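Student: Fold the stuff below for me.
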Amino acid sequence: MTQLPSLPATGNLWRTDQLRAEGLNSRAVRQLVSSGDLVRLRHGCYIRAAVWAKQSASLRSVQLVHAHAYGTLTTSTGGSVYSHTSAARLHGLFLWNADDMIHLLFRVRPSRERLGKDVRGHTRPYSDAEVLTLNGLRVTTLERTVVDCALMLDYRQTLILMDSALRLGADAGLIRAAADGLAGYRGVRNLRAALANADSRAESAGETLTRELICRLKLPTPEAQVEVYSRAGWYRLDFAWKEKKVALEFDGKVKYFDYKPTAEVLFQERRREKALTEDGWLFIRVEWKDLFREQEFKQRVLAALRR
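Tutor: Here you go, the predicted structure:
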């Protein structure tokens, strides 16, 4: 039985030339990939499988952008800028239903052969003020990133990004000015609508989608991030109709947004909820799947408000 080649003792991310320098030829690399010890992230770039296995879905998406930069020797002095959803990931913005394509902004459109199958090039003009450096990579600013994404995503995806960007400090005035200069562009209506309906208090993509659904179904508008007091202490509700003492909580964070509350956090949360229930509050708990059962969702909310 042939002994499997060994990975380098140090490092977790390698280019093909680095693996060769460690004595691993193409055959050895293929063996390590087949055995599950090495993961090919893209052409010419690999990661230690044990590290990849521990990464969440959103962290993997960010890792793919860094792998592109590492594998292609992209630097902060290069002629391209990470943009669109790639920039959104590098900024830490919430994304929903977005693919893992690498998006780059160029002054002049490059050939497809140069870019590779997993890269999409864009050439909408940009200024130096719309570019910054994050961890050594040239990236579009928060405002430019949201605008670029809006021109290719749908309304709900754009609203999620807008909420997230404003929460991180994006300048709504700059976004509005950019929208004013894009009359006639595909997606500009989504951009304007998302800016008009955005709420920087949203703490997850699920909360944004819940708010959007409540609005689209023409349900009574609740307050967001409501602080209420009970014998167990203060409790912050995702949404509340205070005069009706009805609270709506989005519970999809664990699976979809890389947030896993500890047992102690869950215990304290349920304790406070029990105390509020004793004070007359009614809780509607919504999971991810509930957002796509729209009529059932509507009836649950109306029933709670009519009780």
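Student: got the domain boundaries for the protein?
Tutor: 13-54, 57-199, 206-306 (automatic domain parsing).
Student: Just give me the lowest mean pLDDT stretch among those.
Tutor: Comparing mean pLDDT across the domains of the chain, the weakest is domain 206-306, with a mean of 88.
Student: Could you check how far it is from the centre of its chain?
Tutor: 22 Å (C-alpha atoms, centre = their mean, to the nearest Å).
Student: what does stretch 92-105 give?
Tutor: The answer for stretch 92-105 is 7 Å, by C-alpha atoms, centre = their mean.
Student: what about residue 304, which SS state?
Tutor: Three-state assignment for residue 304 (DSSP: H, G, I helix; E, B strand; the rest coil): helix.
Student: Would you mind measuring from the nearest residue to it once chain neighbours are set aside to residue 42?
Tutor: The shortest distance from residue 304 to any non-neighbouring residue, by C-beta to C-beta, 6 or more residues apart in numbering, is to residue 246 (4.8 Å). No exception for glycine: its C-beta is placed from N, CA and C like everyone else's. Here residue 246 is placed at a distance of 48 Å from residue 42 (C-beta to C-beta, to the nearest Å).
Student: swap in residue 121?
Tutor: Residue 121 is 16 Å from residue 42, by C-beta to C-beta.
Student: and the residue nearest to residue 304, what does it touch?
Tutor: 222, 240, 281-282, 284, 301, 304-305, 307 (C-beta atoms under 8 Å, 6 or more residues apart in numbering).
Student: Can you go through those and name the buried ones?
Tutor: 222, 240, 281-282, 284, 301, 304-305 (16 or more other C-beta atoms under 10 Å).
Student: Pick out the most distant pair among the residues you listed.
Tutor: Spanning the widest gap among those are 281 and 301, at 14.7 Å by C-beta to C-beta.
Student: about what we covered before: so the residue nearest to residue 304 bridges to which residues?
Tutor: Under DSSP bridges, the beta-bridge partners of residue 246 are residue 241, residue 282.
Student: just residue 137 next, same as before
Tutor: residue 134.
Student: Contacts only, for it.
Tutor: Applying C-beta under 8 Å, 6+ apart, the residues near residue 137 are 65-66, 69, 74, 76, 82, 90.
Student: Next: residue 188.
Tutor: With C-beta under 8 Å, 6+ apart, residue 188 has these contacts: 150-151, 179, 182.
Student: change it to 7 Å
Tutor: 179, 182 (C-beta atoms under 7 Å, 6 or more residues apart in numbering).
Student: can you give me the strands for the stretch 1-150 of the chain?
Tutor: Secondary structure of the stretch 1-150 of the chain, counting by DSSP state E, counting those that start in this stretch: strands at 13-15, 38-42, 45-48, 81-82, 102-105, 119-122, 131-134, 137-140.
Student: meant to ask about the stretch 201-307 of the chain
Tutor: Under DSSP E, counting those that start in this stretch, the stretch 201-307 of the chain gives strands at 223-230, 233-241, 246-250, 282-286.
Student: What angle do strand 246-250 and the second one make with each other?
Tutor: Pointing back at strand 233-241 there. Interaxial angle of strand 233-241 relative to strand 246-250 (axes from the mean of the first three to the mean of the last three C-alpha atoms, to 10 degrees): 100 degrees.
Student: May I see the buried residues of strand 233-241?
Tutor: So, applying 16+ other C-beta under 10 Å, buried residues of strand 233-241: 235, 237-241.
Student: Of those, which is the nearest to residue 131?
Tutor: residue 238 (35.4 Å).
Student: Quick check: pLDDT value at residue 4.
Tutor: 79.
Student: Who are the contact partners of it?
Tutor: Contact analysis of residue 4 by C-beta under 7 Å, 6+ apart lists 31, 35.
Student: same thing but at 6 Å, please
Tutor: If a contact means C-beta atoms under 6 Å, 6 or more residues apart in numbering, then residue 4 has residue 35 as its contacts.
Student: Ramachandran angles for it?
Tutor: phi -70, psi 140 (degrees, to the nearest 10).
Student: Please report the distance of it from residue 14.
Tutor: 17 Å.
Student: ok, now residue 251?
Tutor: Taking C-beta to C-beta, one finds residue 251 at 40 Å from residue 14.
Student: Neighbour count: those two, which is higher?
Tutor: Higher neighbour count among residue 251 and residue 14: residue 14, with 23 against 13, using other C-beta atoms under 10 Å.
Student: What count of nearby residues applies to residue 211?
Tutor: By other C-beta under 10 Å, the residues close to residue 211 number 24.
Student: Check residue 143 too.
Tutor: Neighbourhood size, residue 143 [other C-beta under 10 Å]: 20.
Student: Just say helix, strand or coil for the residue lying closest to it once chain neighbours are set aside.
Tutor: Nearest residue to residue 143 in three dimensions, chain neighbours excluded: residue 174, at 4.3 Å (C-beta to C-beta, 6+ apart). State at residue 174, reduced to three classes by three-state DSSP: helix.
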